[in-house]
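# Okay, predicted coordinates and the sequence, questions at the end:
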Amino acid sequence: MIAKLQAEERIREAQQGLGRPIISFQANDHRIVAVGNTVHYARNWKTFPDFLGDYLKQTLGREWGNEEIAKPLEQRHPLLQWYDAYCHYQQRTIKTRGEVNAAEVTGVVACYLGLAYSLYLLAHNVELQTRLVRRLKNIGTFQGAYYELIVANILIRAGFTLTLEDETDGDTKHCEFAAVSKKTGKRYWVEAKMRGVVGLLGKTDRDGTTNPNPISQLVPHLNAALKKPAADERLIFIDLNTEAAFGLDARPEWVTMAAARLEQYEANELDDAVQAYVFVTNMPFHRMLDSQLSIAGLPFGLGLPDFNRPGRYRLSEVYRRKLKHIDAHHIADALTKYGQFPTTFDGGLPSEAFGGAARIMIGETYRFENPGGDDFVGTVTAATVLESEKQAYISVTDQNGQSHIRTAPMSDAELADYKAHPDAYFGQVQPVSRKTEDPYELFEWMMEANKGRSRESMLQYFTTAPNLAELQAMTDTDLLTEYCENLVAGITSRFPVQQKVAPAGALGATSGHGGQRTTHRRR
């Protein structure tokens, strides 16, 4: 039962992030959702995106929304232009009214539902300030508030507790908010800046630029952020607000320019005592409402030479550096998942919540068909999926102790849920085989797969090693890294893997585009 609960929590966290869980229940024909200290309810919320659509309208005020809709489309607030595009998206993607449908997340979904989800996360985990809502509705301050919400969304999902600053206090300079990591306990000072471009997100020639260079405001934004006093470590987010253009290596075209400029800034302009985690992002959803979702980010350790720098390192050294800067890694991971939204209210799988499917669970007992004989009762001991066949292969032990292998076909919805949660799909959290593109990915998989290995068995592996005394003096964690590093070396020597230059932290430039899906219904 404990293993099953752990697997369910792994699936829920993958869907909802590391903030407070969604609090919701069904009461007769009403769906009840608690957001912070406020309760919302309706009859027609089948999916969480259904709720988000109504929550955004309630938060911004239906009267304000109706006033904007009465204007010609091109004169409306960007939010109401997104709403118009989102309605057309629903008309294109929803096949039958009132039924749950799955569709690809495009730019407009990331804009409209992304903003709704950001408002929900802030209200549910921290506080939704009236002043922030006013800034959203004011076209002159909309862009700044919008990007602050994106950053808050990312940090909450990544497992940070936020503390909002009182920016009405004009006597001192403030950051956007402070963030405390639930994993490490470290406290960070957070600043968020986005390049203003004429004609986008309400910007005009008074407060926007026509310069096509995507990094034209990178250093000015960085200087503005660093001028504010910070008692804690710094997290600085700067969005380039540029086109989603990728090179032949699938990296955003701006990454090389941005990295080079930050390295130059660090070498020639940065005070020696200043350090900051800088996340250069490009969230161009508003530029491509009907196109495939695109997200890109460059994590850079300003004054932190052991974070995410190119070079050649031992796998164990990359791993140790990652642990040292683990909060930044969690942020980078959450950044790439910004376009993902919970589908169900309880963290359950869509194939079960909407399709009526029921997964086979490891450790559970079922009645199985026995071709050519009587049916038998058996307990599932292991399970895996062969995606090319769309089948689950199930290992079963019957009441007589005999082992059997059974197969079960999987629907498209079930297969999609398995792909999203392969390590927890069958009711137990377990390492799963995966294609590794470089030695470090293989090393991390080895670390996960061998984390329960005894110290004695690892030392037995090193019996003939010339540095055995040194290995015997290591901590369990250090010994495990040496053990897994040796396993990877043995595998790659026999089955060469394409070698890459490993960044010091295995981050590089993070990006995510395409493949995201959401479920909703049109009423």
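Perfect, I can see it now. Please read all numbers here as calculations on a predicted model, not as lab measurements.
# if I've got this straight, E263 is in a helix?
Yes. E263: assigned to a helix according to DSSP: H, G, I helix; E, B strand; the rest coil.
# Which of the three states applies to the nearest residue to V280 once chain neighbours are set aside?
Excluding the flanking residues, the one nearest V280 by CB to CB, 6 or more residues apart in numbering is L298, at 4.3 Å. In short, each C-beta sits where N, CA and C put it, glycine included. The local conformation at L298, judged by three-state DSSP, is strand.
# isn't L298 right next to Y277, touching?
No. In this structure, L298 is not within contact of Y277 by CB atoms under 8 Å, at 11.4 Å.
# The residue nearest to V280: how many residues sit nearby?
26 (other CB atoms under 10 Å).
# care to break the chain down by domain?
For the chain, automatic domain parsing gives the domain ranges 14-344+510-520, 358-410, 439-494.
# Tell me which of those domains sits most buried.
Highest mean neighbour count of the domains of the chain: domain 14-344+510-520, a mean of 18 (counted as mean count of other CB atoms under 10 Å).
# CSV please, covering the domains of the chain and showing mean pLDDT.
Converted to CSV, the domains of the chain look like this (pLDDT from 0 to 100):
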stretch, mean pLDDT
domain 14-344+510-520, 91
domain 358-410, 90
domain 439-494, 91
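# any idea how far Q472 is from the residue nearest to V280?
L298 sits 42 Å away from Q472, going by CB to CB, to the nearest Å.
# Determine how far the strand ranked longest in the chain lies from the middle of the whole chain.
In the chain, ranked by residue count with DSSP state E as the criterion, the top strand is strand 376-386. From the chain centre to the centre of strand 376-386 is a distance of 31 Å (CA atoms, centre = their mean, to the nearest Å).
# What is it packed up against?
When contacts are defined as 3 or more CB pairs under 8 Å, 6 or more residues apart in numbering; DSSP states H and E, strand 376-386 sits against strand 365-368, strand 391-398, strand 403-409.
# Distance to T336 added to the ones you listed, as a markdown table?
As requested, those are exported to a markdown table (distance: least, CB to CB, whole Å):
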| stretch | distance to T336 |
| --- | --- |
| strand 365-368 | 37 |
| strand 391-398 | 28 |
| strand 403-409 | 32 |
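# coming back round to it: who wins for proximity to K4 among the domains of the chain?
domain 358-410 (6.6 Å; CB to CB).
# tell me how far the ends of the closest one are from each other?
11 Å (CA to CA, to the nearest Å).
# Stretch 246-255 now?
End-to-end distance of stretch 246-255 (CA to CA): 10 Å.
# which residues are in contact with it?
214-215, 240, 242, 244-245, 282, 296, 298, 509, 511 (CB atoms under 8 Å, 6 or more residues apart in numbering).
# so what's R314 up against?
R314 touches E485, counting by CB under 8 Å, 6+ apart.
# what do you get for W82?
W82 neighbours (CB under 8 Å, 6+ apart): 108, 111-112, 115, 286, 289.
# Now with 6 Å, please.
Contacts for W82 (CB atoms under 6 Å, 6 or more residues apart in numbering) come out as 108, 111-112.
# do the same with H404
V396.
# From V396, how far off is it?
Per CB to CB, H404 is found 5 Å from V396.
# what's the answer for L480, then?
Distance from L480 to V396, by CB to CB: 33 Å.
# which residues of the stretch 401-523 of the chain fall in strands?
403-409, 510-513, 517-520 (DSSP state E, counting those that start in this stretch).
# Tell me the gap between the first one and the middle of its chain.
Using CA atoms, centre = their mean, the mean C-alpha position of strand 403-409 is found 34 Å from that of the whole chain.
# Strand partners (parallel or antiparallel) of that strand?
strand 391-398 (antiparallel) (DSSP bridges).
# Need the residues that contact the strand it pairs with.
With CB under 6 Å, 6+ apart as the criterion, strand 391-398 contacts 360, 376, 378-385, 403-404, 406-410.
# One more: stretch 148-167?
Residues contacting stretch 148-167 (CB under 6 Å, 6+ apart): 17-19, 118, 121-122, 125-126, 174, 176-183, 192, 237, 330-331, 334-335.
# so how far is that stretch off the chain centroid?
In terms of CA atoms, centre = their mean, the centre of stretch 148-167 is set 14 Å apart from its chain centre.
# With just CA atoms, put that stretch into CSV.
Only the C-alpha atoms of stretch 148-167 are listed here, as CSV (Å, rounded to 0.1, in the frame of the first residue of the first chain):
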residue,chain,number,x,y,z
GLU,A,148,6.3,37.8,-13.1
LEU,A,149,3.4,35.3,-13.0
ILE,A,150,5.3,33.0,-15.4
VAL,A,151,8.3,33.1,-13.1
ALA,A,152,6.1,32.5,-10.0
ASN,A,153,4.5,29.6,-11.8
ILE,A,154,7.8,28.0,-12.5
LEU,A,155,9.2,28.5,-9.0
ILE,A,156,6.0,27.1,-7.3
ARG,A,157,6.1,24.0,-9.5
ALA,A,158,9.8,23.6,-8.8
GLY,A,159,9.1,23.3,-5.1
PHE,A,160,9.7,26.9,-3.8
THR,A,161,7.7,28.8,-1.2
LEU,A,162,7.2,32.4,-2.3
THR,A,163,7.1,35.5,-0.1
LEU,A,164,5.7,38.6,-2.0
GLU,A,165,7.3,42.0,-1.4
ASP,A,166,5.4,45.2,-0.6
GLU,A,167,6.3,47.2,-3.7
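# Give me the distance between the residue nearest to V280 and Y313.
19 Å.
# do L248 as well
Distance, L248 to Y313, using CB to CB: 26 Å.
# for G372, same thing?
Applying CB to CB to G372 and Y313 gives a distance of 58 Å.
# and what of N138?
48 Å.
# G490 now?
Distance from G490 to Y313, by CB to CB: 19 Å.
# One more: A382?
36 Å.
# List the contacts of A3.
Q428.
# do the same with L235
188, 190, 277.
# Where do the helices of the stretch 301-450 of the chain begin and end?
315-324, 326-336, 350-353, 412-420, 439-449 (DSSP state H, counting those that start in this stretch).
# out of those, nearest to A465?
helix 315-324 (14.8 Å).
# Counting by contacts, list what the closest one packs against.
Helices and strands touching helix 315-324, by 3 or more CB pairs under 6 Å, 6 or more residues apart in numbering; DSSP states H and E, are helix 439-449, helix 476-494.
# Residues contacting the last one, please?
Applying CB under 6 Å, 6+ apart, the contact partners of helix 476-494 are 315-316, 319, 439, 442-443, 446-447, 455, 458.
# Please tabulate the residues you listed in TSV, including the columns distance to R157.
Converted to TSV, the contacts of helix 476-494 look like this (distance: CB to CB, whole Å):
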residue	distance to R157
L315	28
S316	29
Y319	24
P439	29
L442	27
F443	26
M446	27
M447	24
R455	36
M458	35
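# In the residues you listed, find the pair that's most separated.
Farthest apart among the contacts of helix 476-494 - using CB to CB - are P439 and R455, which lie 24.4 Å from each other.
# Tell me how far Y461 lies from F443.
Using CB to CB, Y461 is found at 16 Å from F443.
# whoops, I mixed them up, A34
For A34, the distance to F443 equals 42 Å [CB to CB].
# can you give me how far stretch 86-105 is from the chain middle?
Distance, centroid of stretch 86-105 to centroid of chain: 24 Å (CA atoms, centre = their mean).
# swap in stretch 41-61?
22 Å.
# How about stretch 123-132?
Averaging C-alpha positions (CA atoms, centre = their mean) puts stretch 123-132 21 Å from its chain's average.
# Wasn't A178 part of a helix?
No. Counting by three-state DSSP, one finds A178 to be strand, located in no helix.
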